[in-house]
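**Student:** Need coordinates for the following:
(chains A and B)
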Amino acid sequence: MNTGGVSNGAPLLELRGVRKSYGEGTAVVTEVLHGIDLVLERGEFVALIGPSGSGKSTLLNIIGLLEPLSAGDYRLLGQPVASLGDAGLTRARGESIGFVFQFHHLLPAFTALENVLMPELIKSGRFDAAARARGLELLAAVGLADAAHKKPNQLSGGMQQRVAIARALARGSPLVLADEPTGNLDTHSADDVFALMRRFNAERGTAFLVVTHDPRLAARCDRVVELVDGSIAKPRAVVP
Amino acid sequence: MGFAFTVAWRFLREGRFQTLLIVVGVAAGVAVVTYISALIQGLQGNTIERTLGTQAHLTVKPREERTEAVLGAGAASNGTLARDVQPRAQRLRTLDDWRGIEAEMARLPGVLAVTSVVNGAALAQRGEASRAISIIGIDFDGYDRIVALRSRVVAGEARVAPGEALVGRQLAEDLGLVVGDRLVVRAGGAGGTGAADTFKIAGLFDLGSRDLNRRFVYVTQTSAQSLLGIPGGMTNTYARVADLFGAAALAATLRARTGVEVESWMDSNAQLLSALQAQSISTGLIRVFTSIVVMLGIASVLVVSVVQKRKEIGILRAMGATRAQMTQVFLLQGAIVGWIGSLAGVALAQGLLWAFSTFAKGSDGRPLFVVGLPLDLALAVALMATAAGVLAAVAPARRAARLDPAQAIRL
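**Tutor:** Below is the predicted model of the structure:
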């Protein structure tokens, strides 16, 4: 597994008393996360639920190293992220975390295959034959082998989201963060996409943290974390 | 770099109309700069060629005769003695040791050819008509290496033999001469010989200037010497040099080495030189301002592009693209736009120059002057435009690099 060099027995990620405020240093300081404690083990499939404005996206951004935290401690694979500069955060993000966004956010100028290969291109500066083969394999795994050379705007929403999942898995990251991945899909496509994530979780041991509004999908996760007004309500186990 | 180039190229291709617009803008700017530069270069080359076509680059003259004051300036200023020093009228004088001067000049680096001439005032007469002329005794081949006289002979033979003369078109017209006619030349001036000689017209020349065509009469050196009463003497030594604009420096070297009076074409054409300089300065200004306009154009389009591509930039950053990589993506977009625009611009300038050479004709139906597009100029302009593109992209690239990925994705 690609663990960014830390391979001790530490959990995948560990948040202790994480707080996030906006507008620091100004007259109006808004705290959106009030001391979050959260541990995610390798290979877990966790749903993050909560009403709008409860801080789900902010928490996801913090876990995804896209936003700094205001206070508290965050360890990714045992490594405290507070010690990382922008370059270190960027590297850790590239190596350890894959993203699936609500509005799929593929790069419109690139084909499906190129989108899947983009993390590799960022890392090594080229698409080599091996990477290409892996990309095609991933696209086949999400059922889009035929769409490899189509541009995102030629694909349906469900297909685009499946490309995005393939892309999130491209570098073999141990964690995929998905922000309402099925949010704007019809029920059928949503089920497909969700099933796909569960399959990769089972087959590859990739951990998923999925933000969702859909209680039906949340019920199919290993664990549900509910966020209410910037705090974790009560961890509850769900029988799969 | 592979990542940055791939993404930069796709971003540009994706923004078709926007990209096209800015490439056309760059092309227009580059075309203007290239066209003006080539035109001015051609014009200057042409002007210099026309001016120097009938002039030696270096001219050695006999030292002027000067009246020396016997009493010092102090003696005059204390009021006890009146002093009046009058400049002398200059006689026709010859060079001291022109052979030595020729040898000395030929030794200077960059001197291509050296020749000496006998030059004096005379009167050309035919029947009732007479004209004031300059009689020039030359060694035809030597003189031809300084001023391409052979190619300027328009009728008769291109030579001066004893008893023969080459005259200009206008003089021939004024005096009603044709090739083969005879012409009486009477020496005037301070030599005071008043001697006259008869020459057969061997040929007519056209130096491209009515004045010179009316004044110059070429004969052999010996004929001129005997007519002017300076047997064996030469009045001027001419030289042609390789580096035109180094002529003044060469003249100074020669002056320092031999103590003779040397004038370079740059001394005798000071006005022309300053005109050329003014042209060069205005070309430079046009270049600078066009570059600024082009850069502003590129910068504004790229700034808009950074805003349009916020989401993509955010995704790329989320996938592990560094700030440096995002900077490169936008710098490269500037470079690509500058490079492609400059290629198109150079092609456009080439077209304009062709049109100029083809349609702008002088009164004689020939092109005003021939303007080409030198390769080094084209390359210099293309490099400049590419550099301008990169420079213009610096600010947008920094904005792209500083973009907060979390915010960019949320929008």
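**Student:** and whichever residue of the stretch 301-411 of chain B sits closest to chain A, how far is that from B:Ile281?
**Tutor:** Residue of the stretch 301-411 of chain B nearest chain A, by Cβ to the nearest Cβ: B:Gly320 (2.2 Å). Heads up, the C-betas are built off the backbone N, CA and C, glycines and all. Separation of B:Gly320 from B:Ile281 (Cβ to Cβ, to the nearest Å) stands at 51 Å.
**Student:** The two: who's more crowded?
**Tutor:** B:Gly320 (24 against 10; other Cβ atoms under 10 Å in any protein chain shown).
**Student:** so who does that one touch?
**Tutor:** Counting by Cβ atoms under 8 Å, 6 or more residues apart in numbering or on different chains, B:Gly320 touches A:Thr90, A:Arg91, A:Arg93, A:Gly94, A:Glu95, A:Pro119, A:Ile122, A:Lys123, A:Arg171.
**Student:** Out of those residues, which comes closest to chain B?
**Tutor:** Of all the contacts of B:Gly320, A:Gly94 has the smallest distance to chain B: 2.2 Å, by Cβ to the nearest Cβ.
**Student:** nearest spatial neighbour of that closest one, skipping sequence neighbours?
**Tutor:** B:Gly320 (2.2 Å; Cβ to Cβ, 6 or more residues apart in numbering or on different chains).
**Student:** Surely the residue of the stretch 301-411 of chain B closest to chain A is within a strand?
**Tutor:** No. The assignment for B:Gly320, made by DSSP: H, G, I helix; E, B strand; the rest coil, is coil rather than a strand.
**Student:** do the helix ranked longest in chain B and chain A meet?
**Tutor:** Longest helix of chain B, by residue count under DSSP state H: helix B:270-308. No. Using Cβ under 8 Å from any Cβ of the partner chain, helix B:270-308 never reaches chain A; the gap is at least 11.0 Å.
**Student:** tell me which residues in stretch A:201-210 are buried?
**Tutor:** Buried positions in stretch A:201-210, judged by neighbour count with 16 or more other Cβ atoms under 10 Å in any protein chain shown: A:Asn201, A:Thr206, A:Ala207, A:Phe208, A:Leu209, A:Val210.
**Student:** Which ones among those residues map onto strands?
**Tutor:** The strands, defined by DSSP state E, take in A:Ala207, A:Phe208, A:Leu209, A:Val210 from these.
**Student:** just checking, next helix/strand downstream of the least confident helix or strand in chain B by mean pLDDT?
**Tutor:** Every helix and strand of chain B was ranked by mean pLDDT, DSSP states H and E. The lowest is helix B:73-77, at a mean of 57. Scanning forward in sequence from helix B:73-77 by DSSP states H and E, the next helix or strand is helix B:98-107.
**Student:** Can you give me every residue that contacts A:Thr30?
**Tutor:** A:Thr30 touches A:Ser21, A:Tyr22, A:Gly23, counting by Cβ under 8 Å, 6+ apart.
**Student:** Can you pull the phi/psi pair for it?
**Tutor:** Per-residue torsions, A:Thr30: phi -110, psi 120 (degrees, to the nearest 10).
**Student:** List the beta-bridge partners for it.
**Tutor:** In this entry, A:Thr30 is beta-bridged to A:Tyr22, by DSSP bridges.
**Student:** Retrieve the pLDDT associated with residue 232.
**Tutor:** All of this refers to chain A. Confidence at A:Ile232, expressed as pLDDT, is 86.
**Student:** try chain B instead
**Tutor:** For B:Gly232, the model assigns a pLDDT of 88.
**Student:** doesn't B:Ser226 make contact with it?
**Tutor:** No. Assessed by Cβ atoms under 8 Å, B:Gly232 is found out of contact with B:Ser226, at 10.0 Å.
**Student:** Quick check: which element contains the most centrally placed residue in chain A?
**Tutor:** For chain A, the residue nearest the mean C-alpha position is A:Leu177 (1.1 Å; Cα atoms, centre = their mean). A:Leu177 is part of strand A:175-179 when elements are defined by DSSP H and E.
**Student:** and that strand, average pLDDT?
**Tutor:** 92.
**Student:** So, low pLDDT: which residues of the chain?
**Tutor:** In the absence of a named chain, this looks at chain A. A:1-8, A:104, A:234-240 (pLDDT under 70).
**Student:** oops, chain B please
**Tutor:** Using pLDDT under 70, the flagged stretches of chain B are B:1, B:69-83, B:88-91, B:189-193, B:362-371, B:411.
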